[in-house]
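Student: Build me a structure from this.
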Amino acid sequence: MEAIFNFVKNQGFNWIGLAGASFGGGITALYVGKYPEQIQSLFLANPVLNYKKEFLNPTTPWAKEQFKNVFERIDKDGFIAVGSRKFKIGRKVFEEMEKFYPCDSLKNYQGKLMIVHGDKDSKVAYENVVECFGALPNQQKMIKILKDSDHGFHEEPYETQVVKMIVDFFVSS
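Tutor: Prediction:
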């Protein structure tokens, strides 16, 4: 991400907004925590803000199934395959998850922030996101919980609603 931001800055852009979703939301939170002055507006959709509760000691049924016996499975196969696309994750990712805290990092960001999450998210527990949101000192923070929406907002009307929220958020920033 640092290389991308250096490139964008070198192109002459002074205002930068950033959006991150799911696992990318956690990575985005880590980045803005390290470089809070670089991002003027931040939009997070169903973000993973607590690696321990989502991956290492998961709370959702989906994550419990995907990440059960994770280190034993990695020792056997060298990786685990996650989700319908069988994304391969190795030991190093899980070891790094024990060292990084996206929610704590996000506490350093004081710019405009919007988090959107579904209350029926089967992959990332919305309760964990609400807990993190409550701990953020940011005075410009907003949260929107979409009733009955699952992870990824793939169903209508959620997909259309979230796309509109993203556009409206950045246009008004």
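Student: I figured residue 38 hits residue 6, correct?
Tutor: No: Residue 38 lies out of contact with residue 6 (C-beta atoms under 8 Å); the separation is 9.9 Å. From N, CA and C alone the C-beta is placed, and that goes for glycine too.
Student: Looking at these two, which is more packed in?
Tutor: residue 38 (17 against 11; other C-beta atoms under 10 Å).
Student: Any chance of the backbone angles for residue 19?
Tutor: phi -130, psi 140 (degrees, to the nearest 10).
Student: Enumerate every residue touching it.
Tutor: Residues in contact with residue 19 (C-beta atoms under 8 Å, 6 or more residues apart in numbering) are 28, 42-45, 166, 170.
Student: which among these end up buried?
Tutor: The neighbour-count criterion (16 or more other C-beta atoms under 10 Å) marks 28, 42-45, 166, 170 among the contacts of residue 19 as buried.
Student: Filter the residues you listed down to the ones in helices?
Tutor: 28, 166, 170 (DSSP state H).
Student: Distance-wise, check the nearest residue to the second one once chain neighbours are set aside relative to residue 85.
Tutor: When the adjacent residues along the chain are set aside, residue 166 lies closest to residue 43, with 5.7 Å between them (C-beta to C-beta, 6 or more residues apart in numbering). With distances defined as C-beta to C-beta, to the nearest Å, the gap from residue 43 to residue 85 amounts to 24 Å.
Student: Show me where this structure has its strands.
Tutor: Ranges of strands within the chain are 17-21, 41-45, 80-82, 87-89, 112-118, 141-146, based on DSSP state E.
Student: most neighbours per residue, which of those strands?
Tutor: Comparing the strands of the chain by mean neighbour count (mean count of other C-beta atoms under 10 Å), strand 41-45 ranks first with a mean of 25.
Student: Please name every helix or strand in contact with it.
Tutor: Strand 41-45 makes packing contacts with strand 17-21, helix 23-34, strand 112-118, helix 158-171 when contacts are defined by 3 or more C-beta pairs under 8 Å, 6 or more residues apart in numbering; DSSP states H and E.
Student: how's this protein carved up into domains?
Tutor: By the assignment in automatic domain parsing, the chain contains the domains 16-50+101-173, 56-100.
Student: This completes my enquiry, with thanks.
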